[in-house]
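>>> here is the input, now give the coordinates:
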Amino acid sequence: MRMSGVFRLLAFTFALVTTWIFIRSYMNFSMKTIRLPRWLSSSTKETRAVQTKCSISKPCPANFFAFKICSGAANVVGPSMCFEDHVIMSPVKNNVGRGLNIALVNASSGTVLRHSSFDMYSGDVNLLVKFLKEIPGSTLVLVASYDDPGTRMNAESRMLFSNLGSSYAVQLGFRDSWVFLGARDLKSKSPFEQFLKNNPGTNKYEGWPELLELEGCVPQKMV
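All right, here's what the predicted structure looks like:
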């Protein structure tokens, strides 16, 4: 009886010591700092938004200019133009007007040459024609409508815009929305153009269609 009691005591002590060693080893392991691989830890970092010129959807490649043109909203909010992160015309700058807003940019350097607005309702069409005829070679032309761009446009002004690469200038009418980027000496139609007809059945702003936004990357060798 005494020997069996000794064996029981030894077995209990052995089990107790073994359990204590296991628990201590587990605690030591669990308290160690586990480091993630660099490739995994880097993926958990906050992704920062890429800043683009003129806040366009994606950056432009080398030898391309970034631009964004917004038409006016009804007769309430004026249009805006940005080129290479430089705001050329906008309501904030207070240099936009009813009708057609036009900016000229050097196609090689991206330098803004001139900008102006022409009221197509009160009759600035002759000034517009003169302006368009005097556009120098190798020049990008940015256009944004506001309120009414087409009431007083004549055949000559429409032809001049068509020569700059426009597909819709020939049909531009009362309160239509229009944004366009063309160029002097362009050999084909410009891919940078949006047009929305004034239609009482589909207009967003009662008597006007919704505003248009045109953005993209223009190659320096467009012309």
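>>> how about the contacts made by the residue nearest to Tyr146 when sequence neighbours are not counted?
Counting by CB to CB, 6 or more residues apart in numbering, Gly72 is the residue found nearest to Tyr146 once chain neighbours are left out, at 3.2 Å. Heads up, the C-betas are built off the backbone N, CA and C, glycines and all. Gly72 sits next to Gly78, Pro79, Val96, Ala144, Ser145, Tyr146, Asp147, Ser177, Leu211 when contact means CB atoms under 8 Å, 6 or more residues apart in numbering.
>>> dump those to CSV, plus neighbour count and distance to Asn154.
Listed next are those as CSV, based on neighbours: other CB atoms under 10 Å; distance: CB to CB, whole Å:
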residue, neighbour count, distance to Asn154
Gly78, 24, 24
Pro79, 29, 22
Val96, 22, 23
Ala144, 29, 20
Ser145, 28, 17
Tyr146, 27, 19
Asp147, 24, 19
Ser177, 28, 20
Leu211, 21, 26
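>>> and these, which is closest to Ser162?
Using CB to CB, Ser145 comes nearest to Ser162 of the contacts of Gly72, at 16.2 Å.
>>> and the residue nearest to Tyr146, backbone torsions?
The phi/psi pair for Gly72 (degrees, to the nearest 10) reads phi -70, psi 160.
>>> please apply the same query to Ala66.
Torsion angles at Ala66 (phi, psi; degrees, to the nearest 10) stand at phi -90, psi 140.
>>> what about it, neighbour count?
Look at Ala66: counted by other CB atoms under 10 Å, it has 22 neighbours.
>>> then Asn94?
By the measure other CB under 10 Å, the count of residues near Asn94 is 9.
>>> what about it, distance to Phe195?
Asn94 is 27 Å from Phe195, where distance means CB to CB, to the nearest Å.
>>> quick revisit: what's the farthest-apart pair in the contacts of Gly72?
Maximum pairwise distance in these, criterion CB to CB, is 14.5 Å, between Val96 and Ser177.
>>> pLDDT score assigned to the most centrally placed residue in the chain?
The residue lying closest to the centre of the chain (CA atoms, centre = their mean) is Ile56, at 2.1 Å. For Ile56, the pLDDT comes out at 96.
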